[in-house]
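**Student:** Quick check, what structure comes out for this input:
(one chain, ligands or ions: 2)
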Amino acid sequence: MKISIIGGGAIGLLCAAYLASKHKVTVYVRTESQRDLLREKGLTISLIDKMEKQYVSVELFENWDGSGDLTIITVKQYQLEPVMKQVKKLSNDIRALLFLQNGMGHLQAIEELTVEELYVGIVEHGVMKLDGASIRHAGVGSIQIASLPFCGRNRPSRIGERLTESSIPNFELHMQTDPIWMMQKKLVVNCLVNTLTTILEINNGKLIENAHYERLLMPFMEEITGIFEWNNDQKAVIKQYVWKVIKQTGANKSSMLKDLELGRKTEIDAILGYVLELATKKDKHAPLSAAFYEMLKGKEQEREGGI
Ligand SMILES: NC(=O)C1=CN([C@@H]2O[C@H](COP(=O)(O)OP(=O)(O)OC[C@H]3O[C@@H](n4cnc5c(N)ncnc54)[C@H](OP(=O)(O)O)[C@@H]3O)[C@@H](O)[C@H]2O)C=CC1
Ligand SMILES: CC(C)(CO)C(=O)C(=O)O
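**Tutor:** Ligands and ions are numbered 1, 2, ... in the order given. Just a heads-up that it's a prediction; the model follows:
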């Protein structure tokens with residue numbers, strides 16, 4: 001397939017590096033400097049002690065015209081606005097879109113799009129961008145995708161099926177049938193893992209290796225699953241899922257911790273902020289979520305202030 005990837009960050013470059021073995025991939029980046037670097041040096045991906053190089057086609061985002069079989073959008077939640085503007089302009093030319101953001105705040109805007117095939121996905125890999133042309137695949141998981149059927153119409157999911165059919169080592173793609181449950185499970189992971197690893201400044205794995213930190217996970221998870229009003233079976237599924245993702249990405253620094261270290265805005269509003277809004281709507285008490293949210297916003301403010 002002809003696949004476009006918008007965003008040359010950790011996840012965009014991960015998708016480009018693996019998908020290029022089976023598909024014709026073009027990465028759309030924001031800056032000329034990253035475009036030139038990738039064209040000149042190629043894309044380097046390191047996984048454990050192996051390093052590989054791929055040469056993929058690279059263009060500036062302003063040259064993306066929506067053509068091809070599939071476009072994968074890998075910018076951060078808070079970077080979606082200009083991309084969505086362009087998507088709306090090009091809707092008639094776009095065959096299929098896949099959104100790979102953490103959080104759930106973007107779902108409403110995606111639902112309003114009128115492109116032929118629409119997918120949301122969640123990423124269970126741990127990936128760190130080392131520079132504009134290299135990444136470290138620090139935790140091998142998989143990517144789950146689900147098609148969004150809307151307005152009573154069942155959109156076809158041919159592209160999604162073709163994408164998940166291609167078997168690529170260390171880069172599994174699976175099709176799910178329930179997009180909301182898929183995203184909610186990942187939202188809980190990100191509330192727990194991204195928030196706590198960023199406040200504590202630790203790699204993901206430390207959350208279960210250190211008994212003190214592990215004791216923080218349980219009540220925090222209870223609070224969030226209580227806000228969603230899940231039953232005990234659903235809570236058990238969530239717990240198993242959270243522990244699985246932490247183990248798979250143990251050596252990774254969460255994307256939120258990376259953002260904080262680099263003095264960038266974090267996705268805390270789309271993740272824990274989303275859950276706090278839900279708690280307010282349902283009139284639920286969420287003291288841990290509220291406290292962790294304030295700690296993170298405070299840390300973000302300190303970093304912006306340049307300490
Ligand atoms: N990293 C990880 O391990 C994981 C990340 N995720 C999620 O995946 C999503 C992407 O995260 P991640 O890749 O880590 O983030 P990064 O910040 O590494 O990547 C985002 C990229 O998007 C680029 N970008 C922003 N706006 C545009 C635009 N208009 N046109 C072209 N490029 C643009 C940025 O460019 P520039 O550099 O120029 O600003 C940046 O390179 C997030 O929602 C994150 O939560 C999910 C699971 C794991
Ligand atoms: C899967 C995980 C927890 C990997 O670190 C992630 O989603 C992130 O960092 O944003």
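
**Student:** list the contacts for Ser134?
**Tutor:** Ser134 is in contact with 13, 43-46, counting by C-beta atoms under 8 Å, 6 or more residues apart in numbering. For every residue, glycine as well, the C-beta is placed using N, CA and C.

**Student:** Distance check, it against Pro179.
**Tutor:** Between Ser134 and Pro179 the distance is 32 Å, computed by C-beta to C-beta, to the nearest Å.

**Student:** Where does pLDDT dip in the stretch 51-200 of the chain?
**Tutor:** 150-155 (pLDDT under 70).

**Student:** So which residues on it come close to ligand 1?
**Tutor:** Counting by C-beta under 6 Å from any ligand atom, the stretch 51-200 of the chain comes close to ligand 1 at 61, 74-77, 79, 82-83, 100-102, 123, 125-127, 129.

**Student:** gap between Ala146 and Glu201?
**Tutor:** 33 Å.

**Student:** neighbour count winner among those two?
**Tutor:** Ala146 (23 against 12; other C-beta atoms under 10 Å).

**Student:** Using the three-state scheme, assign the more buried one.
**Tutor:** strand (DSSP: H, G, I helix; E, B strand; the rest coil).

**Student:** Neighbours of Ile180, how many?
**Tutor:** Neighbours of Ile180 (other C-beta under 10 Å): 12.

**Student:** Tell me if it really is in a strand.
**Tutor:** No: using three-state DSSP, the secondary structure at Ile180 is helix, not a strand.

**Student:** so how far is Leu163 from it?
**Tutor:** Applying C-beta to C-beta to Ile180 and Leu163 gives a distance of 20 Å.

**Student:** same deal with Phe292?
**Tutor:** For Phe292 relative to Leu163 (C-beta to C-beta), the value is 35 Å.

**Student:** Which entries within the contacts of Ser134 meet the buried criterion?
**Tutor:** By neighbour count, with 16 or more other C-beta atoms under 10 Å, the contacts of Ser134 hold 13, 43-45 as buried.

**Student:** So what's the residue count around the residue of the chain found nearest ligand 1?
**Tutor:** With C-beta to the nearest ligand atom, the shortest gap between the chain and ligand 1 falls at Gly9, namely 1.6 Å. Gly9 sits with 20 neighbouring residues when counted by other C-beta under 10 Å.

**Student:** What helices and strands are in contact with the helix or strand hosting Tyr18?
**Tutor:** Assigned by DSSP states H and E, Tyr18 belongs to helix 10-19. On a contact count with 3 or more C-beta pairs under 8 Å, 6 or more residues apart in numbering; DSSP states H and E, helix 10-19 meets strand 2-6, strand 24-29, strand 43-47, strand 50-54, strand 126-131, strand 134-139.

**Student:** Since that was my last question, I'll sign off now.
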